[in-house]
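Student: Requesting a structural model of the entry that follows:
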Amino acid sequence: MRTRNKTLGYLVPVFALCVFMLIIYGAYVPHKPAETQKVVCIKFKAGATSEDIEKHLRDFASMKSSVKDLVAYSAGRVQKTEGNEDEFDVIHYLTFRTDESAQQYALNSDRKAFIKTNEASWAKVLEMNSDIVK
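Tutor: The predicted structure is shown next:
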């Protein structure tokens, strides 16, 4: 019994020190900021149902796990205002850690399959890349 208490007596402070060191390491190691954002705007053909648009949003979002260095992803329906009544229906925002990652996204096989499956229901697509100002 005494050896077990002695072992635990050594392991608990060592474990606590390791946790403390990991916290300090995470706080002081600089992380590379995101460099590029891609915006994808999609207008659906007339007759697209709300369910079709929801399926599109789910399918597009499922690709994010296969994209390397994707920092953030969000999407939503376009809010209708006076100036943009029928321009686009859905907008996707993708933020990449590097420019190369954004270029690799364009070559991604999941993305190509998604486009092939869904492009028949799209009337218009606009893709833009932008640098993120630091």
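
Student: Go through stretch 92-105 and flag the buried ones.
Tutor: H92, L94, T95, F96, R97, S101, A102, Y105 (16 or more other CB atoms under 10 Å). Where you see a C-beta, it was placed from the backbone N, CA and C, and this is true even at glycine.

Student: what does it rub up against?
Tutor: Applying CB atoms under 8 Å, 6 or more residues apart in numbering, the external contacts of stretch 92-105 come out as 32-42, 60, 64, 67-75, 111, 129, 132.

Student: Could you do stretch 55-64 as well?
Tutor: 42, 44, 70, 73, 75, 90, 92, 94, 108, 110-111, 114, 117-118, 121.

Student: can you tell me which of those lies nearest to E82?
Tutor: V90 (19.7 Å; CB to CB).

Student: what helix or strand is the residue lying closest to the closest one once chain neighbours are set aside on?
Tutor: In space, and not counting its chain neighbours, V90 is closest to I42: 4.8 Å by CB to CB, 6 or more residues apart in numbering. Using DSSP states H and E, I42 sits within strand 36-44.
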